[in-house]
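Visitor: I'd like to go over a predicted model; first the sequence, then the structure.
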Amino acid sequence: MNRLMKARFGIFVVMLLLMPLAFSLSKAHADTITFNMNTVYSGGTPSGSAPWATATISDTGTNTVTLTMDNLLSSPQFISDWYFNLDPAEVGSVTGSDFTYKSGFAANSTQVGEDGFKADGGGYYDIDINWLTSQGNRFVGGESSVYTITASGLDAQDFLYLSTQSGGNGTHYSAIHVQGIPPCGDSAWVGSDKANVPEPGTMALFGMGLALAGALSFVRRKRVKNCKSR
(Lines give C-alpha, C1' and ligand atoms only; values in the text may rest on other atoms or scores of the structure.)
Protein backbone atom coordinates (compact mmCIF):
# COMPACT_ATOMS: atom_id res chain seq x y z
CA MET A 1 0.00 0.00 0.00
CA ASN A 2 1.58 3.34 -1.09
CA ARG A 3 1.67 6.45 1.12
CA LEU A 4 -1.38 8.07 -0.50
CA MET A 5 -3.51 4.97 0.00
CA LYS A 6 -2.31 4.72 3.60
CA ALA A 7 -3.30 8.36 4.21
CA ARG A 8 -6.76 7.82 2.74
CA PHE A 9 -7.26 4.70 4.80
CA GLY A 10 -6.14 6.55 7.91
CA ILE A 11 -8.71 9.31 7.28
CA PHE A 12 -11.43 6.72 6.81
CA VAL A 13 -10.57 5.08 10.14
CA VAL A 14 -10.47 8.43 11.94
CA MET A 15 -13.89 9.42 10.62
CA LEU A 16 -15.36 6.08 11.70
CA LEU A 17 -14.04 6.75 15.20
CA LEU A 18 -15.35 10.33 15.25
CA MET A 19 -18.90 9.49 14.17
CA PRO A 20 -19.97 7.78 17.43
CA LEU A 21 -18.21 10.57 19.35
CA ALA A 22 -20.26 13.22 17.55
CA PHE A 23 -23.43 11.25 18.20
CA SER A 24 -22.61 10.98 21.90
CA LEU A 25 -21.88 14.72 22.06
CA SER A 26 -25.24 15.52 20.52
CA LYS A 27 -26.93 13.45 23.22
CA ALA A 28 -24.72 14.52 26.12
CA HIS A 29 -25.02 18.27 25.61
CA ALA A 30 -28.19 19.74 27.08
CA ASP A 31 -30.84 21.10 24.81
CA THR A 32 -31.45 24.71 25.78
CA ILE A 33 -34.36 26.90 24.70
CA THR A 34 -34.46 30.66 25.25
CA PHE A 35 -37.54 32.88 25.05
CA ASN A 36 -36.89 36.61 24.80
CA MET A 37 -39.89 38.59 26.00
CA ASN A 38 -39.89 41.45 23.50
CA THR A 39 -43.31 41.65 21.82
CA VAL A 40 -45.93 43.88 23.44
CA TYR A 41 -49.35 42.65 22.34
CA SER A 42 -51.69 44.37 24.79
CA GLY A 43 -51.70 47.32 27.18
CA GLY A 44 -48.91 49.85 27.58
CA THR A 45 -45.23 49.54 26.72
CA PRO A 46 -42.71 48.84 29.48
CA SER A 47 -40.01 51.43 29.95
CA GLY A 48 -36.49 50.51 28.92
CA SER A 49 -35.45 48.42 25.96
CA ALA A 50 -36.52 44.95 24.90
CA PRO A 51 -36.21 42.17 25.84
CA TRP A 52 -37.77 43.00 29.17
CA ALA A 53 -37.32 39.45 30.44
CA THR A 54 -35.75 36.17 29.34
CA ALA A 55 -36.68 32.57 30.08
CA THR A 56 -34.15 29.77 29.62
CA ILE A 57 -35.16 26.10 29.75
CA SER A 58 -32.38 23.50 29.83
CA ASP A 59 -32.25 19.71 30.06
CA THR A 60 -30.39 19.03 33.30
CA GLY A 61 -31.15 15.38 33.96
CA THR A 62 -33.37 12.48 33.01
CA ASN A 63 -36.97 13.76 32.95
CA THR A 64 -35.76 17.06 34.46
CA VAL A 65 -35.42 20.59 33.11
CA THR A 66 -34.22 23.77 34.78
CA LEU A 67 -36.29 26.89 34.19
CA THR A 68 -34.50 30.22 34.73
CA MET A 69 -36.60 33.38 34.52
CA ASP A 70 -34.60 36.61 34.38
CA ASN A 71 -36.43 39.89 35.00
CA LEU A 72 -34.71 42.66 33.01
CA LEU A 73 -37.24 45.41 33.75
CA SER A 74 -36.23 48.75 35.21
CA SER A 75 -37.69 49.90 38.53
CA PRO A 76 -40.49 50.23 39.62
CA GLN A 77 -41.91 47.73 37.09
CA PHE A 78 -42.52 44.12 38.07
CA ILE A 79 -43.77 40.80 36.67
CA SER A 80 -46.88 39.31 38.27
CA ASP A 81 -47.37 36.26 36.00
CA TRP A 82 -45.25 34.25 33.60
CA TYR A 83 -46.94 31.82 31.20
CA PHE A 84 -45.60 28.81 29.30
CA ASN A 85 -46.94 26.10 26.98
CA LEU A 86 -46.36 22.36 26.96
CA ASP A 87 -46.56 19.55 24.46
CA PRO A 88 -50.24 18.44 24.70
CA ALA A 89 -49.05 14.87 25.23
CA GLU A 90 -47.02 16.01 28.26
CA VAL A 91 -49.52 18.31 30.00
CA GLY A 92 -51.16 15.51 31.96
CA SER A 93 -47.78 14.34 33.29
CA VAL A 94 -46.87 17.70 34.85
CA THR A 95 -48.43 19.25 37.95
CA GLY A 96 -47.61 22.26 40.09
CA SER A 97 -45.99 19.98 42.65
CA ASP A 98 -43.40 18.93 40.05
CA PHE A 99 -41.85 22.42 40.31
CA THR A 100 -38.99 22.64 42.80
CA TYR A 101 -37.67 26.04 43.82
CA LYS A 102 -33.89 26.33 43.41
CA SER A 103 -32.81 29.94 43.80
CA GLY A 104 -33.65 33.60 43.29
CA PHE A 105 -37.04 35.17 43.92
CA ALA A 106 -39.57 32.45 44.76
CA ALA A 107 -42.99 32.49 43.09
CA ASN A 108 -46.22 32.62 45.03
CA SER A 109 -47.68 29.68 43.08
CA THR A 110 -47.07 27.40 40.10
CA GLN A 111 -50.11 26.01 38.32
CA VAL A 112 -50.49 23.60 35.41
CA GLY A 113 -53.58 22.82 33.33
CA GLU A 114 -54.16 22.30 29.63
CA ASP A 115 -55.14 25.71 28.20
CA GLY A 116 -56.03 26.67 31.75
CA PHE A 117 -54.64 30.20 31.86
CA LYS A 118 -55.48 33.11 29.61
CA ALA A 119 -52.86 35.82 29.09
CA ASP A 120 -55.23 38.57 28.00
CA GLY A 121 -55.73 38.38 24.20
CA GLY A 122 -52.55 36.39 23.66
CA GLY A 123 -54.19 33.00 23.99
CA TYR A 124 -54.42 30.18 26.51
CA TYR A 125 -51.38 28.66 28.23
CA ASP A 126 -50.68 25.47 30.16
CA ILE A 127 -48.48 26.91 32.92
CA ASP A 128 -48.94 30.01 35.07
CA ILE A 129 -46.19 31.06 37.49
CA ASN A 130 -47.46 33.80 39.79
CA TRP A 131 -45.79 36.33 42.11
CA LEU A 132 -47.39 38.58 44.70
CA THR A 133 -48.18 42.17 43.74
CA SER A 134 -48.01 43.78 47.18
CA GLN A 135 -45.23 46.28 47.83
CA GLY A 136 -42.07 44.54 49.02
CA ASN A 137 -43.13 41.17 47.59
CA ARG A 138 -42.81 41.94 43.89
CA PHE A 139 -40.70 40.17 41.27
CA VAL A 140 -38.77 43.27 40.15
CA GLY A 141 -36.00 43.97 37.65
CA GLY A 142 -32.59 42.51 38.42
CA GLU A 143 -34.11 39.44 40.07
CA SER A 144 -34.12 35.87 38.75
CA SER A 145 -36.35 32.95 39.66
CA VAL A 146 -35.02 29.42 39.11
CA TYR A 147 -36.97 26.16 39.29
CA THR A 148 -36.43 22.56 38.30
CA ILE A 149 -39.35 20.65 36.81
CA THR A 150 -39.36 16.85 36.93
CA ALA A 151 -41.95 14.69 35.17
CA SER A 152 -42.01 11.48 33.16
CA GLY A 153 -40.54 12.02 29.70
CA LEU A 154 -40.10 15.77 30.18
CA ASP A 155 -37.42 17.66 28.27
CA ALA A 156 -36.82 21.21 27.03
CA GLN A 157 -38.37 20.49 23.63
CA ASP A 158 -41.75 20.01 25.33
CA PHE A 159 -41.95 23.79 25.86
CA LEU A 160 -41.69 24.62 22.15
CA TYR A 161 -45.43 25.07 21.66
CA LEU A 162 -47.50 28.15 20.88
CA SER A 163 -50.45 29.29 22.96
CA THR A 164 -53.97 28.36 21.88
CA GLN A 165 -55.52 31.21 19.91
CA SER A 166 -57.92 33.45 21.81
CA GLY A 167 -58.56 37.07 20.88
CA GLY A 168 -56.83 39.00 18.15
CA ASN A 169 -53.31 39.29 19.52
CA GLY A 170 -51.74 36.23 17.98
CA THR A 171 -50.08 33.27 19.65
CA HIS A 172 -46.83 33.13 21.59
CA TYR A 173 -44.42 30.62 23.08
CA SER A 174 -44.42 32.43 26.41
CA ALA A 175 -45.93 35.57 27.92
CA ILE A 176 -45.53 37.84 30.94
CA HIS A 177 -47.82 40.33 32.67
CA VAL A 178 -45.87 43.49 33.47
CA GLN A 179 -47.25 45.92 36.03
CA GLY A 180 -46.18 49.24 37.55
CA ILE A 181 -45.17 50.90 34.26
CA PRO A 182 -44.33 54.56 34.97
CA PRO A 183 -45.52 57.19 35.25
CA CYS A 184 -49.07 56.01 35.93
CA GLY A 185 -48.59 52.40 36.99
CA ASP A 186 -49.94 50.92 33.75
CA SER A 187 -49.68 47.26 32.80
CA ALA A 188 -48.67 45.38 29.66
CA TRP A 189 -48.78 41.89 28.20
CA VAL A 190 -45.53 40.87 26.53
CA GLY A 191 -44.94 37.71 24.52
CA SER A 192 -42.17 35.79 22.81
CA ASP A 193 -42.82 34.92 19.17
CA LYS A 194 -39.51 33.18 18.55
CA ALA A 195 -37.44 30.58 20.34
CA ASN A 196 -33.65 30.37 20.27
CA VAL A 197 -32.72 26.71 20.03
CA PRO A 198 -29.01 25.82 19.61
CA GLU A 199 -28.24 22.43 18.07
CA PRO A 200 -25.10 20.97 19.71
CA GLY A 201 -25.35 17.80 17.63
CA THR A 202 -25.20 19.84 14.44
CA MET A 203 -22.17 21.72 15.75
CA ALA A 204 -20.41 18.45 16.50
CA LEU A 205 -21.04 17.23 12.96
CA PHE A 206 -19.85 20.60 11.63
CA GLY A 207 -16.60 20.10 13.57
CA MET A 208 -16.25 16.65 12.01
CA GLY A 209 -16.71 18.20 8.59
CA LEU A 210 -13.93 20.72 9.25
CA ALA A 211 -11.64 17.93 10.41
CA LEU A 212 -12.40 15.90 7.29
CA ALA A 213 -11.85 18.91 5.03
CA GLY A 214 -8.49 19.53 6.66
CA ALA A 215 -7.46 15.91 6.27
CA LEU A 216 -8.48 15.82 2.60
CA SER A 217 -6.58 19.04 2.01
CA PHE A 218 -3.49 17.42 3.52
CA VAL A 219 -3.89 14.39 1.23
CA ARG A 220 -4.24 16.62 -1.84
CA ARG A 221 -1.12 18.58 -0.91
CA LYS A 222 0.73 15.31 -0.33
CA ARG A 223 -0.39 14.01 -3.72
CA VAL A 224 0.75 17.17 -5.51
CA LYS A 225 4.10 17.02 -3.74
CA ASN A 226 4.54 13.39 -4.78
CA CYS A 227 3.70 14.24 -8.38
CA LYS A 228 6.24 17.07 -8.45
CA SER A 229 8.95 14.85 -7.03
CA ARG A 230 8.62 12.37 -9.85
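Guide: The structure has been received and is ready for your questions. Numbers count the residues shown, from 1 in each chain.
Visitor: name the nearest residue to Pro150, sequence neighbours excluded.
Guide: For residue 150 the amino acid is Thr, not Pro. With C-beta to C-beta, 6 or more residues apart in numbering as the measure, Thr64 is the residue that lies nearest to Thr150, at 4.6 Å, once sequence neighbours are left out. Any C-beta I mention is one placed from the backbone N, CA and C, and that applies to glycine too.
Visitor: tell me the spacing between the one you found and Ser74.
Guide: Distance of Thr64 to Ser74, computed by C-beta to C-beta, to the nearest Å: 33 Å.
Visitor: ditto for Thr164
Guide: Thr164 is 32 Å from Ser74, where distance means C-beta to C-beta.
Visitor: so who does Asp186 touch?
Guide: With C-beta atoms under 8 Å, 6 or more residues apart in numbering as the criterion, the residues that contact Asp186 are Gly43, Gly44.
Visitor: partner residues bridging it?
Guide: Under the criterion DSSP bridges, Asp186 forms beta bridges with Ile181.
Visitor: tell me, how many neighbours does Tyr173 end up with?
Guide: The local packing of Tyr173 (other C-beta atoms under 10 Å) involves 23 other residues.
Visitor: grab the nearest non-local neighbour of it.
Guide: Spatially, and ignoring its direct neighbours in sequence, Tyr173 is nearest to Ser192 (4.9 Å; C-beta to C-beta, 6+ apart).
Visitor: check which helix or strand covers Phe117.
Guide: Applying DSSP states H and E as the criterion places Phe117 in strand 109-118.
Visitor: for that strand, packing partners?
Guide: Secondary-structure packing of strand 109-118 (3 or more C-beta pairs under 8 Å, 6 or more residues apart in numbering; DSSP states H and E): helix 88-91, strand 124-130.
Visitor: now distance to Ile181 too, for these, in a markdown table please.
Guide: Conversion of these to a markdown table gives the following (distance: least, C-beta to C-beta, whole Å):
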| stretch | distance to Ile181 |
| --- | --- |
| helix 88-91 | 32 |
| strand 124-130 | 19 |
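Visitor: among the ones you listed, show me which one is buried the most.
Guide: strand 124-130 (a mean of 23; mean count of other C-beta atoms under 10 Å).
Visitor: relative orientation of it and strand 109-118 in degrees?
Guide: Counting by axes from the mean of the first three to the mean of the last three C-alpha atoms, to 10 degrees, strand 124-130 points 150 degrees away from the direction of strand 109-118.
Visitor: packing partners of the next helix or strand after strand 124-130?
Guide: Heading C-terminal from strand 124-130, the first helix or strand you meet, by DSSP H and E, is strand 139-140. Packing partners of strand 139-140 (3+ C-beta pairs under 8 Å, 6+ apart): strand 78-84.
Visitor: now with 10 Å?
Guide: Judged by 3 or more C-beta pairs under 10 Å, 6 or more residues apart in numbering; DSSP states H and E, the packing partners of strand 139-140 are strand 64-71, strand 78-84, strand 174-181.
Visitor: how far does the shortest one sit from its chain's centre?
Guide: Put simply, strand 78-84 sits 17 Å off its chain's centre (C-alpha atoms, centre = their mean, to the nearest Å).
Visitor: show me where the protein has helices.
Guide: Under the criterion DSSP state H, the chain carries helices at the ranges 3-28, 88-91, 200-228.
Visitor: domain boundaries for this structure, per the record?
Guide: The chain resolves into domains spanning 3-25+202-228, 32-197 when parsed by automatic domain parsing.
Visitor: what's the pLDDT at Cys184?
Guide: Confidence at Cys184, expressed as pLDDT, is 95.
Visitor: wait, it sits on Gly44?
Guide: Yes - with contact defined as C-beta atoms under 10 Å, Cys184 and Gly44 form a contacting pair (8.5 Å).
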